[in-house]
Each structure stands twice: as C-alpha cells, then as structure tokens.
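Asks: sequence and predicted structure are below.
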Amino acid sequence: MHPTASQTDIVEPVTIDASSGRVENGIHLEVGDPEIFERDDPTRELVFDLERVQILYSGVAAVTDVNLDIASREVTAFIGPSGCGKTTVLRSLNRMHDTTPGAVVEGKILYHGEDLYGPKVDAAEVRRRIGMVFQKPNPFPKSIYDNVAYGPKINGRKRGDLDDLVEQALTRAALWDEVKDKLKRSALALSGGQQQRLCIARAIAVEPDVILMDEPCSALDPIATARIEDLMIELKREFTIVIVTHNMQQASRVADRTAFFTAELNESGKRMGLLVEYDTTNKIFTQPSDPRTEGYITGRFG
Amino acid sequence: MATIAPERPRSRKLSEGPKPPGRERDRVFRWFTFLAALLVLLILALIFVSTVNQSWDWFSTRGLRAVFSSRWNQKVYPRGTANAGQPIPGSGFGAWALIFGTLYTSFVAILLAVPLSVGIALFTTDVGPRWLRNPVGYVVDLLAVVPSVVFGLWGVFVLATPIRNVYQSVADFFAGVPVLDKIFTGNPLLGTSVMTAGLILAIMITPIITSLTREVLATVPIAQKEGALALGATRWEMIRGAIFPHSRSGIVASVMIGLGRAMGETIAVALVIGAAVRVSPALFSPNNTLAAIIAQNFGEAQGIQRSALIGLGVVLFVITLLVNVMARAVLNRGERRLAAGK
Ligand SMILES: Nc1ncnc2c1ncn2[C@@H]1O[C@H](COP(=O)(O)OP(=O)(O)OP(=O)(O)O)[C@@H](O)[C@H]1O
Ligand SMILES: [Mg+2]
C-alpha cells in the first residue's frame, strides 16, 4: 500500500515525491524552500532527545534501546505493530509512567537539553508543558466548559479571562461552532468524535509546548479523523506534536518524521519492542533503509 | 456441513414454533426477584403500620401540637394505682427536643466522620504507599465489628472524665465570642454530652462510610485520573477534578447510610449523652435522642408513656426516610442540571 494511492475526498490530497519538491499537507513546497532543508538540518531545534531508553514493567523490558530526537514544531509519528511499545515510549515523554506501579524508565530523556527525570523536576510541571490526548476520549463528567477550564484553573488562571480562553481552545480544536450553545451541558453527551476534540481542546487550553497523542483517531469515523488531522497540521504552527497511529496513511499525511517500532524475540526468547528506523516520513514511506520497515509499510509482516 | 447445535425444528415465522429453552427459567427467575423486592416493601409497611397502631394513643389523643411540642416530662401514674398509665398533670410528651437532639448529635458525628472517612478511603485507594493501603483498609473494617455497647461503655468509663477538661478549655477559649460561645459551652459542662455522643458516633460510622466510599472510589476509571494528571494536575487537583466529580453521588449515598446509622444508634448514645431533654445548642452539656430515650425508658414504660415512646420510633423512622429522600433529590437535581445544561 503506497501512501499516494490512499487519497480520500475529505482530506487534502498528499503527494510524496522525493525528486521535485513536495506537496505537503496541501501546501506546495518548492525545492529550495528553506523549510525542507531546515527539516533535515542536524541543527534543528530539539525538543526531546532520547538516548538508549529502555522501559520495564515489573522488571521485564517492554521496549529497549530507543534513540531518537524530536524537533520543535514538527509532527512525529510512531508506527509499528501492536505491542511493540509505541504507547510505552510515548508515555515516557510526559512521565505518565510515574503513576503506573512497576514501570521503570531507564536511559536518558532530555527535554530542551534538561533531564526530564532529573531529581528536581516535578512531574506535574512536566505534564503542564507536555500535554497528552488518549486513545479513548476521556472527558470528565462535568460540563463542556468545565472540562476545558479545568487545566487553566489548576494552573492558577483567574475566572475573568477563562471565558475567552475556553472559546479560543474550542475554536482551535474545531469544536466551538458545534458546542457554543451548550457549554454548560455534560461533556458525556457529546459524540465520540466531539469528545476527542474536546480532549484536544482541554489539552490546548493549558498552552503546552508539546502535545502527545496516542491513536487519537482510532475510535473515529473518517470525517472526524480528517478534522483531527487538519487540526494537527494547524496546531503544528505552535506546538510540537507526537502521535502514535496504526493508520499509515495518517502518518504519511500529517507527520514530518516517522519512527517505526517492532517487537522481536531477544536471545532469551522474550518479546521486546525496539526502534527499527527513524527518518523523515518521506524517506520511511518511499525508501526505507530497513527491510522490516519496508515489509510493514507494504503490508508484508514478519 | 456439520451441525454443532442440536437440530431444532424450524418454522417459517418468528412468532410460531418453540421458544428458546431458557425462557421458562427466565420467567421463574423474574418472579423470584420480583417477590424478593416485594417482600422488603411488605415488611417495611408492616413495621410501619404496627408501630403506628401501638402509638396511636399518643398521636391521636393529644394532637399534633402536643406531639411536636418541646415539652417532654414523661410522668404517668404508676402500676397498681387507679389511673395507672395515665399522665400526671404537668407531664408532657412532645418529641421536638428529641428530634433536635437526634439531628444535632448526628450532625456533629457526620461533620467529624465524613472528612475522616473520605480521607482514609483516598489513602487506601490513591494516596497512600501501596504496601500500606490494604492493611489500613483492613484495620478500619475491623472497627466495624466492635459492638456498639462496647463503644458506649468506653465512652462513659474511659473517655468522659478526661475529655471534660478539654471541653472546659475549649469553652474558656470561646467565652465571649458571639454565637460561638453559645455552641462551645456547657450548662452544666459535662463529659457526657452532645459532643461525646457525636465523637462516639463518628467512630462508629467511620468504618461503614470508609468502606462504601472505597468501593465508589475504586470505580473511577484510570483513564479519568490519567486525564487529569496529563493536564498537569497534582495529586490533590486530580482528586478534586477527576475523582470527586465521578464519585460524588456515591460518596453522598455512603454518607447518607452513615447518617442513618448515627440517627438510629441507640445503646452507645444512651450511655454517653447524659439524658437531658432540651433544645440547646450547647455542645458540652447533656442532651438526648429519639433512639436513646426509648432504650433508657422502655423497660418500665406503660400506658401513654409506652405509646409515646413507640411513637418516637415512628418519628425517627419518618425522619430517616425524609433525610434519604431529600439527599436523593438533591443528587438527582444536580445530575439533571448538568444534563440539561442549565
Ligand atoms: N501497565 C503495563 N503493565 C505491564 N505490561 C505492560 C503495561 N503496559 C504495556 N505493557 C506491555 O508492554 C508492551 C508494549 O505495550 P504498548 O502498550 O506500549 O504497545 P503499543 O505499541 O502501544 O501497542 P498497541 O498498538 O496495541 O497500542 C506489551 O507487551 C504490553 O503487554
Ligand atoms: Mg498503544
């Protein structure tokens, strides 16, 4: 399955062509456009730098030897078969593992050059800067308004400017028009797609630096999926986005860089996740350097 | 093609032919649950009718005004005299002071027990170190098996004397402060008092509220907690933002059950409250409750006194019912408001 063959009429067509510039996210970039070179520039501004990261659950490594860096204002996609550790790696980026009993993160994760797991780093502060959207929408059983206002409130925002903030966040999450007349209604009465956009609005409202998304569209129909993809492209201007997805067209549509993970049996016969290849999305989908990547993206597994 | 299920005759229309074989059992089961539910209602109704019947003298002969007066002076002519069981002039059988005492002591108990219980429940589900969670929960559950008379005796013989000094210092501290000096005072100031009864009741209802609240807290989905944490919530902010909204109605229901126990608790309160029928906000002086006064006097009661004491039981029953209905209504209104977006 080649990404160019997977256009839908809702989503902006995406063509990936390595030779003559590219149409990316609907915007045509000429060869020589500085943005292309910036992307591949080794001096691009790093947000995350993972070195030899290994994550264990109850002493058993789930994923091992992950080395990758994530640049500012890019969309980075994690792809790979189920159980290879995508969620596990993603959750290590905002210290969600701190609350999971038995989970241990080894190796080094630098966030803007600073050790994310350093002794003086507060996990709540980390998560205020690095937001997360979960696979299953998880709005609080409160009103739509209160869902969005929750983050700003705990960050010490005064009531006065909350209204504007809530409207802004909902607008940026492309939900405002649908809910502006029922802000005081329960968020649980929204549809699944609306709930997911509400969760995105909730994350945006905190004004984080990074947004992590774990299969945000897996429960959504193509229209809602398309809206969230558009949203990601829009949000990329201000935020750094890391997304886990099983949908390879989605990765090719929204991601600047893609990391391919897989799970393999190690010497002692245990299944363990590992990072196979990490490169620009274009490269991963057109000229993967590892046969395992090629096998996965073309639909041949193993 | 091999058939797995046993052959069943197929008729062409759905409405014809045999029904699924489990249908009969289904019907029996439904009737059984229906009868079980009905039986509870029936028992409740029987208790209500027979107690009202036994106390009808009290309700009917003196009128509502007397029933709800604050004058309780249960003097009747003794057995063997001509008017045995009839009220002596100057006596009174008004329930108001006892209703007040019941609500007041239960209120004190709830005020003390709820923060404690919710605190312990949170400790054992979300806050405490993992290795300590189960032992603490277990110890609290153990408290629930202590018979109430033991709490009462402990209250009278161990707690009452030393705690009087504490009451005295508190009363001295608040002396002269408007309003508060009417509450934190005693006249006479005694160890057997509203406050002691409230304390003992709080200890008695903490296990049940804790364990019901724990059940409720355990149902909060991890996704909810993680949702709050991912927005940068600290533990307390997560509890307020994700756990409480999700478990509010369950916690209120647990508190209501605790309140019902506190209002109905008899022997422990009868021992520590000091038996003085009065409408007074003084925390450190004796008072009395509906349940306690029945236990204290029912043995020798006769005639109108006996009828009045049974009547107090009916009043207690109705109050407990009202409190529960009210709590439920408040909860429902909150939920409806959220659904309607008002
Ligand atoms: N809380 C946990 N406790 C123990 N093991 C876990 C836990 N979470 C994940 N694992 C294990 O870690 C491995 C990686 O899981 P992870 O959820 O990261 O996979 P994934 O790539 O996100 O898969 P999927 O695509 O199915 O979501 C799996 O083998 C899984 O069983
Ligand atoms: Mg996953």
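Replies: Okay, I see it. Numbering: from 1, shown residues only, chains lettered A, B, ... in the order given. Ligands and ions are numbered 1, 2, ... in the order given.
Asks: list the contacts of residue B:127.
Replies: Contact partners of residue B:127, counting by CB atoms under 8 Å, 6 or more residues apart in numbering or on different chains, are B:235, B:239. In short, each C-beta sits where N, CA and C put it, glycine included.
Asks: ok, residue A:261 next?
Replies: Under the criterion of CB under 8 Å, 6+ apart, the neighbours of residue A:261 are A:63, A:78-80, A:84-86, A:89, A:273-276.
Asks: could you give the bridge partners of it?
Replies: For residue A:261, the beta-bridge assignment (DSSP bridges) gives partners residue A:275.
Asks: against residue A:135, how distant is the closest residue to ligand 1 within the stretch 151-300 of chain B?
Replies: The minimum distance from the stretch 151-300 of chain B to ligand 1, using CB to the nearest ligand atom, falls at residue B:222 (9.7 Å). Taken as CB to CB, to the nearest Å, the spacing of residue B:222 relative to residue A:135 amounts to 13 Å.
Asks: who's more crowded, those two?
Replies: Each of residue B:222 and residue A:135 had its neighbours counted (other CB atoms under 10 Å in any protein chain shown), and the higher figure belongs to residue A:135 (16 against 10).
Asks: give me the buried entries from the contacts of residue A:261.
Replies: A:63, A:78-80, A:84-86, A:89, A:273-276 (16 or more other CB atoms under 10 Å in any protein chain shown).
Asks: so which of the residues you listed are in helices?
Replies: Using DSSP state H to define helices, the subset of the buried ones among the contacts of residue A:261 located there is A:86, A:89.
Asks: near ligand 1, which residues of the stretch 151-300 of chain A are found?
Replies: Of all the residues in the stretch 151-300 of chain A, those in contact range of ligand 1 (CB under 6 Å from any ligand atom) are residue A:273.
Asks: sketch out the low-pLDDT regions of the stretch 151-300 of chain A for me.
Replies: Confidence mapping of the stretch 151-300 of chain A against pLDDT under 70 gives the ranges A:300.
Asks: which residue does it bring closest to ligand 1?
Replies: Checked against ligand 1 (CB to the nearest ligand atom), the nearest residue in the stretch 151-300 of chain A is residue A:273, 5.6 Å away.
Asks: residues contacting residue B:262?
Replies: For residue B:262, the set of contacting residues under the criterion of CB under 8 Å, 6+ apart consists of B:105-106, B:109-110, B:113, B:201, B:204-205.
Asks: for it, pull up the helix or strand it's in.
Replies: Secondary structure assigned from DSSP states H and E places residue B:262 in helix B:244-264.
Asks: residue B:122: which element?
Replies: helix B:96-122.
Asks: chain center to the next helix or strand after that helix, what's the gap?
Replies: If you walk from helix B:96-122 toward the C-terminus, the next helix or strand you reach (DSSP H and E) is helix B:130-143. Relative to the chain's own centre, helix B:130-143 is displaced by 23 Å; criterion: CA atoms, centre = their mean, to the nearest Å.
Asks: likewise stretch B:29-46?
Replies: Using CA atoms, centre = their mean, the mean C-alpha position of stretch B:29-46 is found 23 Å from that of the whole chain.
Asks: same question, stretch B:53-64
Replies: In terms of CA atoms, centre = their mean, the centre of stretch B:53-64 is set 26 Å apart from its chain centre.
Asks: any idea how far residue B:225 is from residue B:120?
Replies: Between residue B:120 and residue B:225 the computed distance is 19 Å (CB to CB).
Asks: ok, residue A:224 next?
Replies: As for residue A:224, its distance to residue B:225 is 25 Å (criterion: CB to CB).
Asks: where along the chain do the strands fall?
Replies: With no chain named, the answer covers chain A. For chain A, the strands defined by DSSP state E cover A:22-24, A:27-29, A:46-57, A:60-71, A:75-79, A:103-111, A:114-115, A:130-133, A:210-214, A:240-244, A:257-265, A:271-280.
Asks: my bad, the chain I had in mind was chain B
Replies: Taking DSSP E to define them, one finds strands in chain B at B:72-73, B:92-93.
Asks: now these in TSV, with mean neighbour count, mean pLDDT and distance to residue B:142?
Replies: Output for the strands of chain B, formatted as TSV (neighbours: other CB atoms under 10 Å in any protein chain shown; pLDDT from 0 to 100; distance: least, CB to CB, whole Å):
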stretch	mean neighbour count	mean pLDDT	distance to residue B:142
strand B:72-73	16	84	38
strand B:92-93	20	84	41
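Asks: possible to save these as a markdown table with distance to chain A?
Replies: As requested, the strands of chain B are exported to a markdown table (distance: least, CB to the nearest CB, whole Å):
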| stretch | distance to chain A |
| --- | --- |
| strand B:72-73 | 47 |
| strand B:92-93 | 49 |
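Asks: skip the chain neighbours and tell me the closest residue to residue B:95.
Replies: residue B:315 (5.3 Å; CB to CB, 6 or more residues apart in numbering or on different chains).
Asks: number of residues surrounding the one you found?
Replies: The number of residues packed near residue B:315 is 20, by other CB under 10 Å.
Asks: ok, whichever residue of the stretch 201-302 of chain A sits closest to chain B to residue A:124 distance?
Replies: Closest approach between the stretch 201-302 of chain A and chain B, counting by CB to the nearest CB: residue A:206, at 5.6 Å. Using CB to CB, residue A:206 is found at 11 Å from residue A:124.
Asks: now do the same contact list for the residue lying closest to residue B:250 once chain neighbours are set aside.
Replies: Leaving aside its sequence neighbours, residue B:250 sits nearest to residue B:216 (CB to CB, 6+ apart; 3.3 Å). If you count contacts by CB under 8 Å, 6+ apart, residue B:216 has them with B:247, B:250-251, B:253-254.
Asks: mind putting those residues into JSON lines with distance to residue B:303, neighbour count and pLDDT?
Replies: Formatted as JSON lines, the entries for the contacts of residue B:216 read as follows, by distance: CB to CB, whole Å; neighbours: other CB atoms under 10 Å in any protein chain shown; pLDDT from 0 to 100:
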{"residue": "B:247", "distance to residue B:303": "50", "neighbour count": "24", "pLDDT": "88"}
{"residue": "B:250", "distance to residue B:303": "46", "neighbour count": "17", "pLDDT": "87"}
{"residue": "B:251", "distance to residue B:303": "45", "neighbour count": "20", "pLDDT": "91"}
{"residue": "B:253", "distance to residue B:303": "41", "neighbour count": "18", "pLDDT": "87"}
{"residue": "B:254", "distance to residue B:303": "41", "neighbour count": "25", "pLDDT": "89"}
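Asks: now render the residues you listed as JSON lines, adding distance to residue A:267.
Replies: Compiled in JSON lines, these are given as follows (distance: CB to CB, whole Å):
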{"residue": "B:247", "distance to residue A:267": "47"}
{"residue": "B:250", "distance to residue A:267": "50"}
{"residue": "B:251", "distance to residue A:267": "52"}
{"residue": "B:253", "distance to residue A:267": "55"}
{"residue": "B:254", "distance to residue A:267": "53"}
